[in-house]
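Student: build me a structure from this.
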Amino acid sequence: MTDATDARPVLHRSPFADLTPAQLYAVLRLRSEIFVVEQEGVYQDLDDHDADAAMIHLWHEAGGQIVSVARMFETTDDAGRPVGRIGRIGTSKAARGQGLARELVQAAIDHFAPKPVILAAQSYLEAYYASFGFVVDGERFDEHGIAHTPMRRD
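Tutor: Model (predicted):
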């Protein structure tokens, strides 16, 4: 017999307004587990940008468990050109090493194609994002005690 969490998670894209209260709670809880608790980032995750975003998330359907999440925005770059922005990319500790974040990031890139995509990578992940074709696009900066690097994929 196979546990429900052994099956491959299913990818979903949802405008913020279409998330059910239970889905929204799960998304925010996962982000809090990763960025606030695990990474000890004392910051306001609920930043008023979620309402303008679409969420892309992976769920184990049978158990209703979220395992990976990111948010996506249509925005403009510093030169005023339209771009897609990906942020708050995270995978639960228990689900890491299965390629779920890679699946999520690729789906977000595909969502915005053919527009360029920008993100602020935690600097230790520059090589990871470079594997998707992202290049450094500015100076490193500190965000909540963690070094970040602006990156862009044209």
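Student: use CA for all of it now, contacts and neighbours both
Tutor: OK.
Student: report the distance from stretch 108-123 to the chain centre.
Tutor: Once both centres are worked out by Cα atoms, centre = their mean, to the nearest Å, stretch 108-123 turns out to sit 10 Å from its chain's centre.
Student: just the terminal-to-terminal distance for that stretch.
Tutor: Using Cα to Cα, to the nearest Å, one end of stretch 108-123 lies 20 Å from the other.
Student: quick one: mean pLDDT for that stretch?
Tutor: Mean per-residue pLDDT for stretch 108-123: 97.
Student: oh, and call the first residue 754 from now on, that's how I've got it
Tutor: Yes, from this point I'll number from 754; that puts the last item at stretch 861-876.
Student: which residues touch that stretch?
Tutor: 809, 825, 835-840, 882, 893, 899-907 (Cα atoms under 8 Å, 6 or more residues apart in numbering).
Student: number of residues surrounding residue 862?
Tutor: 20 (other Cα atoms under 10 Å).
Student: that one: what secondary structure?
Tutor: Following DSSP: H, G, I helix; E, B strand; the rest coil, residue 862 is assigned to helix.
Student: residue 840 now?
Tutor: With three-state DSSP as the basis, residue 840 sits in strand.
Student: name the element residue 867 belongs to?
Tutor: Per DSSP states H and E, residue 867 falls between elements, in no helix or strand.
Student: which residues in this protein form strands?
Tutor: Applying DSSP state E to the chain gives strands spanning 763-768, 807-813, 818-829, 835-844, 870-875, 888-889, 894-896, 899-906.
Student: having no further points to raise, I will conclude here.
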